[in-house]
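> Next comes the sequence, and after it the predicted model I'd like to discuss.
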Amino acid sequence: MTTSHGGMAEQAGDSTTLEAFARVGLIAYGVIHILIGWLALQLAWGTSSSKSADPSGALRTLADQPLGRILLWLVAVGLVALALWQGSEAIWGYRNREGAKRVRMRATSWARAIIYAALGVGAASVALGSGSSSSRSQQQATSGVLAWPAGHAIVVVIGLVVVGVGVAGVVKGVRRSFSEEIDTSSMSPGVRKGVARLGQVGYIAKGVALALVGGLLGYAAMTFDQQEAPGLDGALQTILAQPFGRFLLTTVAIGFLAFGLFAMLQSRYRRM
């Protein structure tokens, strides 16, 4: 974590307790992606599943396991801790960076904090029995925004941002720039190579899926068709509908599995 520079809030951001919970959150984040990958494989090969291949489906799958509600609360606490950690990084971190790079890294931390917080709230909602499909929630949110003045332009911009996040994930995977976030000094060469490969495959596959989600969102706004903004599950079904879609979706599913394993390994090796 960043060095404390004064103030109780900043000290909380540097606390070893928060770091421990954040590492639990990385495990939870990995589990969610592994479950999304598993649900995507079921979608690709036609095996029955009543759950959508998105974070809400992953959380509901977890809820169905023995001690599922307890596990969900642990996931929620860990993800909220991750959000707090990223928030503290956004406010006080990256002091050794300058200029545009520092602004970009802080903006990335804010984005991650929002994502982790949303997933944490989602886990708590499912634990309380009130969780809903991410795709259905996105359709409702899109419908509401489209009704605003300039709502279509806003949704197009949001779609482009999501596409940008997806492309950034692909670039991060190709360049392996995620290695800057991991302490590899204690890894053997074989483990280091395996972790790098997991991160590379995972970031590329997840980036492709997010770019497709953003593209569908923008298309929905431009064509005034709210059904074209179905979220991650709908994006994966769009992949399935393409020529050789079963194999394309299997590749993406394996990527989500790889990203999940990579996130779980980060709980051990992530620099904090």
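Sure thing, it's come through. Bear in mind that the values here come from a model prediction, so they are computed numbers and not experimental data. Numbers count the residues shown, from 1 in each chain.
> which other helices and strands contact the helix or strand hosting Gly37?
Using DSSP states H and E, Gly37 maps to helix 16-44. Helix 16-44 sits against helix 55-63, helix 68-92, helix 99-127, helix 231-240, helix 245-269, with contacts defined as 3 or more CB pairs under 8 Å, 6 or more residues apart in numbering; DSSP states H and E. In this view, the C-beta of every residue, glycine as well, is placed from N, C-alpha and C.
> for these, which one sits closest to Ser188?
With distances scored as CB to CB, the stretch of the helices and strands packed on helix 16-44 nearest to Ser188 is helix 245-269 (12.3 Å).
> what is the rounded mean pLDDT of that closest one?
On average, the pLDDT along helix 245-269 is 91.
> Stretch 216-226 now?
72.
> Numbering from 5 from now on, please.
Yep, numbering from 5; the last one is stretch 220-230 now.
> Can you mark which positions in that stretch are buried?
Residues of stretch 220-230 classed as buried: 220-222, 224-225, 230 (neighbour count, 16 or more other CB atoms under 10 Å).
> Return the distance of that stretch from the chain's centre.
Remark: stretch 220-230 is offset 23 Å from the chain centroid, using CA atoms, centre = their mean, to the nearest Å.
> what about this structure, any weak spots by pLDDT?
Along the chain, segments meeting pLDDT under 70 span 5-18, 52-54, 135-153, 155, 228-234.
> please redo it, this time with the cut-off set to 80
Within the chain, the ranges that satisfy pLDDT under 80 run 5-19, 51-55, 57, 97-103, 105, 134-156, 159, 221-238, 275-276.
> So which residue is smack in the middle of it?
Ile119 (6.5 Å; CA atoms, centre = their mean).
> need the contact list for that residue.
With contact set as CB atoms under 8 Å, 6 or more residues apart in numbering, Ile119 has no partners.
> for Ala172, same thing?
Gly211.
> that older thread, show me which of the buried residues of stretch 220-230 is closest to Trp96.
Leu221 (32.9 Å).
> And that closest one, which helix or strand is it part of?
helix 193-227.
> in that helix, what's buried?
Neighbour counts over helix 193-227 (16+ other CB under 10 Å) mark 196, 199-200, 202-222, 224-225 as buried.
> related to what we said a few turns ago, could you list the buried residues of the helix holding Gly41?
22-23, 25-48.
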